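1. here is the input, now give the coordinates:
(3 chains)
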Amino acid sequence: MPGNSHKNSPGSTPRYWLLKSEPNCFSIDDLAAAPDQTTFWDGVRNYQARNLMREMRVGDQALYYHSQTNPSVVGQAEIVREAYPDHTAWDPQSDHFDPRSTPDKPLWDMVDIRLVRKFSQPLPLPMLRTVTDLAGMELLRKGSRLSVQPVTESQFITILRLAKEATEATP
DNA sequence: GCCAACGTTGGC
DNA sequence: GCCAACGTTGGC
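-> Numbers count the residues shown, from 1 in each chain, chains lettered A, B, ... in the order given. Next up, the predicted model:
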């Protein structure tokens, strides 16, 4: 399509993603406490995950997932800035330092996300595995390690419904 | 702490 | 380009 930018034009359909974080590294509470409840999603050092981030558009929605302890989907966030160079790769002091990346030739990207909501109850991974509508979700695949994953609209809607039901079940 | 799954590296 | 060795992720 000539002249077609990749941005979501007003009214276009957003896409859906899942972002993994170790809660002791950057939890959803950290996101909630951040200025404007916004942060840059740095530290992705996997090509497949990076390429998925490059497909993200402003307005896309993401599930926020805590890995490691009590693995669970804990909330929802929104993409507010599209992929740009991850400067933490240039910082020798950073845990995510990668000398192959330079300001002239950036190797890794990040996006900015803003909190939409934290779920009143986390949706634990073992529970999600029992949900028929989520069969086939990348997160539930055995050995799934991708920290940035695509999510279908139907999977996304199902997760939001489960979050709402969990809220109503707990006064 | 264990280990399966997976990505990356490097010798050839 | 193959593949063994290695390192990492992340559920359990």
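2. which residues does the residue most central in space within chain A contact?
-> Using Cα atoms, centre = their mean, the residue of chain A that lies closest to the mean C-alpha position is residue A:19, 2.3 Å off. With contact set as Cβ atoms under 8 Å, 6 or more residues apart in numbering, residue A:19 has these partners: A:41, A:62, A:63, A:64, A:65, A:77, A:113, A:147, A:148. C-beta coordinates here come from the backbone N, C-alpha and C atoms, glycine included.
3. repeat that for 7 Å
-> Listed by Cβ atoms under 7 Å, 6 or more residues apart in numbering, the contact partners of residue A:19 are A:41, A:62, A:64, A:65, A:77, A:148.
4. for those residues, give me a markdown table that also has neighbour count and distance to residue A:15.
-> As requested, the contacts of residue A:19 are exported to a markdown table (neighbours: other Cβ atoms under 10 Å; distance: Cβ to Cβ, whole Å):
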| residue | neighbour count | distance to residue A:15 |
| --- | --- | --- |
| A:41 | 24 | 16 |
| A:62 | 25 | 9 |
| A:64 | 23 | 16 |
| A:65 | 22 | 17 |
| A:77 | 25 | 13 |
| A:148 | 21 | 12 |
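5. which among the residues you listed gets closest to residue A:130?
-> Ranking the contacts of residue A:19 by separation from residue A:130, with Cβ to Cβ as the measure, puts residue A:65 on top at 17.2 Å.
6. check contacts around that closest one.
-> Residue A:65 sits next to A:18, A:19, A:20, A:21, A:73, A:139 when contact means Cβ under 7 Å, 6+ apart.
7. residue contacts, the closest residue to residue A:81 other than its chain neighbours?
-> Distance criterion Cβ to Cβ, 6 or more residues apart in numbering; nearest residue to residue A:81, sequence neighbours excluded, is residue A:112 at 3.6 Å. The neighbours of residue A:112, taking Cβ under 7 Å, 6+ apart as the test, are A:38, A:39, A:40, A:80, A:81.
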